[in-house]
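**Q** Okay, here's the prediction I keep looking at, along with the sequence it came from:
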Amino acid sequence: MLDTPAARLITRGDERPLLLEQVEQLAASDALVVDTFHHAVRRRGTIVSLGTRPVLFALARILAQAWPADVTREALMAAAFRARHADGSHRARLRVEIGRLRAKLRPLADVAATKQGFALTPRKTRQVLVLARPVEEKHAAVLAFLSDGEPWSSSALALALGTSARTVQRALDELARSNKVQSFGHGRARRWMMPPVPGFPTGLLLPGPLLKT
């Protein structure tokens, strides 16, 4: 199990698998890391959690994956808002969300405007990395929240993801059929979580945030 890739490292358009020990080493590096496991942006002990802000995290990730290049406004809107045909309202919302992301990331990076869109400018480091799951799928966002090992209700997941409870429930049912999640309880007391990995406490598989800002 320890010889199986635990994550993927994405930087400058390239990606490679990482073992668990390499993920731990990454946490101690000077790189700015966009962590898709914990929905956070971090560098050493400074961690900005975006777990309850999926739009901001989506923007942070696409900017980090493109770094040091910029990302067009159209690509950002498609990634964050799933907007195939952007209009004036989408562009206005993008300006607002970029402003919010800039404020959240101030301790770690700036989000600079360019002619075509926006670019991520890290502080105190020259390396930007994205730590991603070994395999990403249709319902990766739901799995990302459940990966902390804690039980979640479908309504809490819907609130965190900024989507409808019905959409989340369909995703959970589909994931349950493929044995990727499990539930316990009934009615409003029903909770969902990922099946534990034999021999390992789920929360200890990857290093978690030590400090949140």
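**A** Right, received. Where do you want to start?

**Q** Going by C-alpha atoms from here, please, whenever you check contacts or count neighbours.
**A** OK.

**Q** Next one: the closest residue to residue 37 other than its chain neighbours, what pLDDT does it get?
**A** Using CA to CA, 6 or more residues apart in numbering and skipping the chain neighbours, the partner closest in space to residue 37 is residue 144 (5.5 Å). Here the pLDDT value assigned to residue 144 is 73.

**Q** any idea of the mean pLDDT in the longest helix seen in the chain?
**A** Ranked by residue count under DSSP state H, the longest helix found in the chain is helix 88-104. Model confidence over helix 88-104, given as mean pLDDT, is 94.

**Q** Which neighbouring elements make contact with it?
**A** Secondary-structure packing of helix 88-104 (3 or more CA pairs under 8 Å, 6 or more residues apart in numbering; DSSP states H and E): helix 54-66, helix 73-81, strand 109-113.

**Q** From the chain's centroid, how far away is it?
**A** Mean-position distance between helix 88-104 and its chain equals 18 Å (CA atoms, centre = their mean, to the nearest Å).

**Q** on that earlier part again, what secondary structure does the residue nearest to residue 37 sit in?
**A** Per DSSP: H, G, I helix; E, B strand; the rest coil, the local secondary structure of residue 144 is helix.

**Q** was I right about it contacting residue 35?
**A** No - taking contacts as CA atoms under 8 Å, residue 144 lies outside contact range of residue 35: 10.2 Å.

**Q** Compare neighbour counts for these two and give me the winner.
**A** Neighbours were counted for residue 144 and for residue 35 using other CA atoms under 10 Å; residue 35 has more, 23 against 18.

**Q** List the residues that contact the more buried one.
**A** 41-42, 130-132 (CA atoms under 8 Å, 6 or more residues apart in numbering).

**Q** Measure how far the lowest-mean-pLDDT helix or strand in the chain is from the centre of its chain, please.
**A** One helix or strand of the chain scores below all others by mean pLDDT, DSSP states H and E: helix 140-146, with a mean of 78. In terms of CA atoms, centre = their mean, the centre of helix 140-146 is found 9 Å from the chain centre.

**Q** cool, stretch 110-122 as well?
**A** Mean-position distance between stretch 110-122 and its chain equals 20 Å (CA atoms, centre = their mean).

**Q** circling back: out of the contacts of residue 35, which two sit at the greatest distance?
**A** Greatest spatial distance among the contacts of residue 35 (CA to CA): 42 and 132, at 13.8 Å.

**Q** So if I had to pick from those two, which one is more boxed in?
**A** Taking neighbours as other CA under 10 Å, residue 42 and residue 132 compare with residue 42 leading, 24 against 21.

**Q** nearest spatial neighbour of the more buried one, skipping sequence neighbours?
**A** Closest to residue 42 by CA to CA, 6+ apart is residue 33, at 5.3 Å.

**Q** Surely that neighbour is in contact with residue 39?
**A** No - Residue 33 is beyond contact range of residue 39, at 10.5 Å (criterion: CA under 8 Å).

**Q** Please report the distance of the nearest residue to residue 57 once chain neighbours are set aside from residue 78.
**A** Closest residue to residue 57 apart from its sequence neighbours, by CA to CA, 6+ apart: residue 50 at 5.8 Å. Distance of residue 50 to residue 78, given as CA to CA, to the nearest Å: 19 Å.
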